[in-house]
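[1] return atomic coordinates for the entry below.
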Amino acid sequence: LIQTHELFNQKKLAVVANVGPLIEPITPDEYRRLLRRFPDRLFSHNDQQSTWQTFSPEGNQRGWGGNLVGKLVNVSDPTMSSFSAIYTGSSAAAWLRGDRVSPYSVPVAGHIGVALAYQNLGGVQNGGEPLRKILRMDNKDPNLLVQTYQQLYKRTLDNQRIMRDSLIDENDSRLLAVPNLRGGNNPNPLIKQLRTVSRIIASQQRLGVRRQVFFISLSGFDTHSGQKGIQSRLLEQVDQTLAHFVEQMKILGMENQVTLFTASDFGRSMLTNGSGSDHGWGSHHFVVGGAVQGGRLYGQFPAFGRDVGQDVNGRLVPRYSVEQYAAALGRWFGLSDGQLLEVLPNLSNFDRRALAFMRA
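    Modelled structure (predicted):
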């Protein structure tokens with residue numbers, strides 16, 4: 001990870017070691033003897049993704065990303081509440097959905113919103129206008145389902161128009177090209193997602209928003225086999241992406257206003273099955289940006305050895321909770337200590353300022 005190491009030396013990147021879902025502080029011995037509470041359904045992909053994002057196993061629909069930004073948006077302004085939590089993948093992350101905001105999808109390519117609303121209908125060059133007229137029509141139908149459906153489509157079309165009209169052109173000279181993966185001919189998929197994020201960040205004033213959270217994703221780390229080769233290729237993508245995004249934010253003049261951080265359902269176990277490893281618990285993360293107090297390791301990497309240090313049968317018991325990780329980001333984002341306690345339900349069980357990787 002040559003470029004990641006360089007960002008660390010430039011003090012633009014920090015490493016946070018051994019973070020994971022917790023309810024209260026717990027030592028390896030307390031975990032073995034069941035003396036403290038710990039999250040349900042550990043080592044399950046879907047449940048631990050949900051627990052990282054919402055503090056509950058699969059099924060919870062309110063995440064701390066959406067709730068962080070929800071504390072700072074003016075809900076009376078529909079534009080702010082519509083474009084404050086944005087994802088670029090094929091499915092919305094629960095992390096973005098809050099009590100006051102809902103995630104908005106902006107694809108990395110193609111139409112934004114309802115594609116048919118801008119496609120010719122009936123073989124006539126009408127640009128989809130007939131459909132938009134139908135969806136905009138006042139409807140006196142007393143059926144609440146009909147009314148709600150129509151209001152939803154009207155709001156969707158309005159948001160689609162605002163986003164399409166506000167986004168800087170995808171060929172804008174300030175946008176860096178998406179490089180190919182090292183040693184290959186395919187573009188880096190993470191950078192493709194972040195290029196869309198960069199377009200939105202560059203269009204922030206046009207959209208009328210001051211605070212935004214974004215979610216992008218990279219899969220493939222479930223390395224029960226072939227771990228050495230697979231992880232090397234994936235981490236090369238991450239390495240290339242971090243350096244690219246720092247440079248892109250610098251060009252946009254947003255280096256100090258944007259922070260990128262990593263999250264995952266869990267790390268891998270420290271025990272091998274021959275060519276891979278099993279699901280773990282605690283994991284290590286990067287935080288990148290001009291506002292990061294970089295060039296430092298927060299926490300400590302584990303001692304190697306089964307049942308040594310934080311290790312229990314090959315799995316790391318986290319030293320830091322997701323809430324502590326989120327609190328450091330949320331405080332920089334602009335939330336008060338009281339607001340953080342409302343968003344992060346277990347934060348009161350921990351040292352709230354144990355992780356100080358963000359500048360005040």
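[2] quick one: the helices in the chain?
    2-9, 28-32, 45-54, 64-70, 78-82, 129-136, 144-166, 189-202, 204-207, 227-251, 322-333, 337-343 (DSSP state H).
[3] packing partners of the third one?
    Here helix 45-54 touches helix 64-70, going by 3 or more Cβ pairs under 8 Å, 6 or more residues apart in numbering; DSSP states H and E. All C-beta spots, glycine's among them, are computed from the backbone N, C-alpha and C.
[4] what's in contact with the helix it packs on?
    Residues outside helix 64-70 that contact it (Cβ atoms under 8 Å, 6 or more residues apart in numbering) are 53-55, 84-85, 93, 95-103, 211-213, 215, 322, 326, 329-330, 333, 335, 342-344.
[5] now stretch 294-305
    Taking Cβ under 8 Å, 6+ apart as the rule, stretch 294-305 contacts 7-19, 270, 284, 287-288, 308-311, 316, 319-320, 355-357.
[6] buried set for it?
    Buried residues in stretch 294-305, defined by neighbour count with 16 or more other Cβ atoms under 10 Å: 294, 298, 299, 302.
[7] and the end-to-end length of it?
    Using Cα to Cα, to the nearest Å, the span of stretch 294-305 from its first residue to its last is 29 Å.
[8] re the thing from before, hmm, which of the buried residues of stretch 294-305 is lowest in pLDDT?
    Lowest pLDDT within the buried residues of stretch 294-305 is found at residue 302 (83).
[9] distance check, that one against residue 199.
    Look at residue 302 and residue 199: by Cβ to Cβ, to the nearest Å, they are 39 Å apart.
[10] repeat that for residue 31.
    To residue 199, residue 31 is 45 Å away according to Cβ to Cβ.
[11] repeat that for residue 179.
    Plainly put, residue 179 is 17 Å away from residue 199 if you go by Cβ to Cβ.
[12] what do you get for residue 52?
    27 Å.
[13] then residue 278?
    Distance, residue 278 to residue 199, using Cβ to Cβ: 39 Å.
[14] hang on, the earlier thing: residue 179 and residue 199: which is more packed in?
    Counting neighbours by other Cβ atoms under 10 Å for residue 179 and for residue 199 shows that residue 199 has the greater number, 19 against 12.
[15] just checking, the more buried one touches residue 164?
    No: applying Cβ atoms under 8 Å, one finds residue 199 not in contact with residue 164, separated by 11.5 Å.
[16] give me the number of residues near the residue nearest to residue 93 when sequence neighbours are not counted?
    Excluding the flanking residues, the one nearest residue 93 by Cβ to Cβ, 6 or more residues apart in numbering is residue 215, at 4.4 Å. Using other Cβ under 10 Å, residue 215 has 22 other residues around it.
[17] quick check: residue 215 vs residue 184, distance?
    On the measure of Cβ to Cβ, residue 215 and residue 184 end up 26 Å apart.
[18] could you do residue 325 as well?
    Look at residue 325 and residue 184: by Cβ to Cβ, they are 33 Å apart.
[19] likewise for residue 357?
    Distance of residue 357 to residue 184, computed by Cβ to Cβ: 33 Å.
[20] so for these two, which sits in the more crowded spot?
    Neighbour comparison, residue 357 and residue 184: the larger count goes to residue 357, with 23 against 10 (by other Cβ under 10 Å).
[21] what sits closest to the more buried one if chain neighbours are left out?
    Distance criterion Cβ to Cβ, 6+ apart; nearest residue to residue 357, sequence neighbours excluded, is residue 14 at 4.4 Å.
[22] lowest average confidence, helix or strand, in this protein?
    Least confident helix or strand, the chain: helix 129-136 with a mean of 67, by mean pLDDT, DSSP states H and E.
[23] what about residue 348, neighbour count?
    11.
[24] just give me the neighbour total for the nearest residue to it once chain neighbours are set aside.
    Using Cβ to Cβ, 6+ apart and skipping residues adjacent in sequence, the residue nearest residue 348 is residue 341, 6.0 Å away. Residues lying near residue 341 (other Cβ under 10 Å) number 16.
[25] so residue 341 makes contact with residue 347?
    Yes: counting by Cβ under 8 Å, residue 347 is a contact partner of residue 341 at 5.7 Å.
[26] wait, residue 46 sits on residue 60?
    No: judged on Cβ under 8 Å, residue 46 makes no contact with residue 60 at a distance of 11.5 Å.
[27] OK, contacts around residue 206?
    Counting by Cβ under 8 Å, 6+ apart, residue 206 touches 165, 166, 167.
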